[in-house]
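Peer 1: Give me the fold of what follows.
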Amino acid sequence: MKCPECDADIDLDEDEVEEGEILSCPECDVEMEVVQIHPVQLNVISEEEEEEEGEEEGEEKAVGEVEEDEE
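Peer 2: Just a heads-up that it's a prediction; the model follows:
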């Protein structure tokens with residue numbers, strides 16, 4: 001299996017990984033989630049996605065606070 005980010009070889013045995021497992025590339029340290037097994041498919045977890053999720057949660061709280069002020 002190759003890293004989707006840097007094309008480094010990653011030694012994976014599809015019988016030893018589980019769907020949803022987080023792996024990291026030994027070369028570029030990017031984190032990847034196992035999204036499918038048989039055959040194994042990896043999805044790169046980017047820091048931008050994690051930051052966007054945090055911002056969305058913050059926006060929801062801000063909207064809630066505005067609603068409370070209006071009452």
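Peer 1: can you pull out the strands in this protein?
Peer 2: 22-24, 31-36, 41-45 (DSSP state E).
Peer 1: Please name the strands paired to the shortest one in the sheet, noting orientation.
Peer 2: This means strand 22-24. Each strand paired with strand 22-24, and its direction, by DSSP bridges: strand 31-36 (antiparallel).
Peer 1: I'd like the mean pLDDT over the strand it pairs with, please.
Peer 2: Averaging pLDDT along strand 31-36 yields 93.
Peer 1: how about the helices in this structure?
Peer 2: Along the chain, the segments classed as helices by DSSP state H run 47-70.
Peer 1: To residue 4, which of the strands of the chain lies closest?
Peer 2: Nearest to residue 4, of all those, is strand 41-45, at 5.4 Å by CB to CB. Any C-beta I mention is one placed from the backbone N, CA and C, and that applies to glycine too.
Peer 1: between that closest one and strand 31-36, how big is the angle?
Peer 2: 150 degrees (axes from the mean of the first three to the mean of the last three CA atoms, to 10 degrees).
Peer 1: And for residue 11, the neighbour number?
Peer 2: The number of residues packed near residue 11 is 7, by other CB atoms under 10 Å.
Peer 1: so what's it up against?
Peer 2: residue 1 (CB atoms under 8 Å, 6 or more residues apart in numbering).
Peer 1: cool, and residue 4?
Peer 2: 32, 42-44.
Peer 1: out of these, which is most surrounded?
Peer 2: So for the contacts of residue 4 (other CB under 10 Å), the most neighbours sit at residue 42, 23 neighbours.
Peer 1: Would you confirm that that residue contacts residue 21?
Peer 2: No - with contact defined as CB atoms under 8 Å, residue 42 does not count as touching residue 21 (9.8 Å).
Peer 1: circling back to that earlier point, which one of the strands of the chain lies nearest to residue 5?
Peer 2: Closest among the strands of the chain, using CB to CB: strand 41-45, at 5.7 Å.
Peer 1: Perfect, I'm done here.
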